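Novice: following is a predicted model, sequence given first.
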Amino acid sequence: DAGVIQSPRHEVTEMGQEVTLRCKPISGHDYLFWYRQTMMRGLELLIYFNNNVPIDDSGMPEDRFSAKMPNASFSTLKIQPSEPRDSAVYFCAIAGNTEAFFGQGTRLTVV
Amino acid sequence: SQKIEQNSEALNIQEGKTATLTCNYTNYSPAYLQWYRQDPGRGPVFLLLIRENEKEKRKERLKVTFDTTLKQSLFHITASQPADSATYLCALPSYSGAGSYQLTFGKGTKLSVIP
């Protein structure tokens, strides 16, 4: 967990509000992934970056979701406007070419 | 895209017994397969990686097998302990084009080891 710091750990927001999730990975890994986890669907890949460049965002559910990685040490996932069905745990993970290292996640609740 | 199925959502076993978890995939056989452990409120943690040319891999009380003919991996925990209670996920990589690498996860199996 120490390799990837996510903030906030918990977020409760009202429907329609903008939500920004943050990820600070340690350097030295080529890939950064954003996952969403729910009981129903498990871990779903939303988007991933290679050397800070977005490679595949086909997992992003709607245009309300966007992600950026301005440098190797920071990435954001934004939901605007948020909806109750966005409630889930969002994970950021980094990887070289094999195993992934996950942050502790952000539990998002949209009421 | 790869579809991954882990045989059961939950598995209860008695302490000291061997737990066996199954991971099946549907499409091409990947170069390797990974197993992760996830505890409540935490992110998945990498446990083991097994390559396609390896039939079996061990790490302490853990053993993983990889059968590319059956498109299946088995994950065993021998002499299970209550501390082994967690959700275990298998993951497969996929590559498509330059710079394209992603990990697809199964939904996981929640293991409960009963004292």
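Specialist: That came through fine.
Novice: please identify the buried residues of whichever strand or helix holds A:Q37?
Specialist: A:Q37 is located in strand A:31-38, with elements delineated by DSSP states H and E. Within strand A:31-38, the residues that count as buried by 16 or more other Cβ atoms under 10 Å in any protein chain shown are A:Y31, A:L32, A:F33, A:W34, A:Y35, A:R36, A:Q37. Bear in mind the C-beta positions are built from the backbone N, C-alpha and C, glycine included.
Novice: could you do stretch B:63-81 as well?
Specialist: Buried-residue list, stretch B:63-81, by 16+ other Cβ under 10 Å: B:K63, B:V64, B:T65, B:F66, B:K71, B:Q72, B:S73, B:L74, B:F75, B:H76, B:I77, B:S80.
Novice: and the contacts of it?
Specialist: Here stretch B:63-81 makes contact (Cβ atoms under 8 Å, 6 or more residues apart in numbering or on different chains) with B:13-26, B:29, B:33, B:35, B:48, B:50-52, B:54-58, B:61-62, B:84, B:88, B:90, B:111, B:113.
Novice: next secondary structure element downstream of the helix or strand hosting B:V64?
Specialist: For B:V64, the host element (DSSP H and E) is strand B:62-67. Later in the chain than strand B:62-67, the nearest helix or strand by DSSP H and E is strand B:72-77.
Novice: which residue, other than its chain neighbours, is closest to A:C92?
Specialist: Distances taken as Cβ to Cβ, 6 or more residues apart in numbering or on different chains place A:C23 nearest to A:C92, at 3.4 Å, with adjacent residues excluded.
Novice: the most centrally placed residue in chain A: what's it in contact with?
Specialist: When Cα atoms, centre = their mean is applied to chain A, the residue found nearest the centroid is A:W34 (3.6 Å). Applying Cβ under 8 Å, 6+ apart, we find A:W34 in contact with A:C23, A:L45, A:L46, A:I47, A:Y48, A:A67, A:S75, A:L77, A:Y90, A:F91, A:C92.
Novice: before we move on, the earlier item: strands paired with the strand holding A:Q37, and their directions?
Specialist: Strand A:31-38 has its sheet partners listed here by DSSP bridges as strand A:42-50 (antiparallel), strand A:88-95 (antiparallel).
Novice: beta partners for B:Q14?
Specialist: Beta-bridge partners, per DSSP bridges, of B:Q14: B:I114.
Novice: what is the neighbour count of it?
Specialist: Using other Cβ atoms under 10 Å in any protein chain shown, B:Q14 is surrounded by 10 other residues.
Novice: kindly report the same for A:G42.
Specialist: Counted with other Cβ under 10 Å, residues neighbouring A:G42 total 18.
Novice: where does chain B dip in pLDDT?
Specialist: B:1, B:96-99 (pLDDT under 70).
Novice: let me see the contact set for the residue in it that chain A sits nearest to.
Specialist: Of chain B, the residue with the smallest distance to chain A, taken as Cβ to the nearest Cβ, is B:G43 at 3.0 Å. When contacts are counted by Cβ under 8 Å, 6+ apart, B:G43 touches A:D1, A:V4, A:F91, A:A93, A:F102, A:G103, A:Q104, A:G105.
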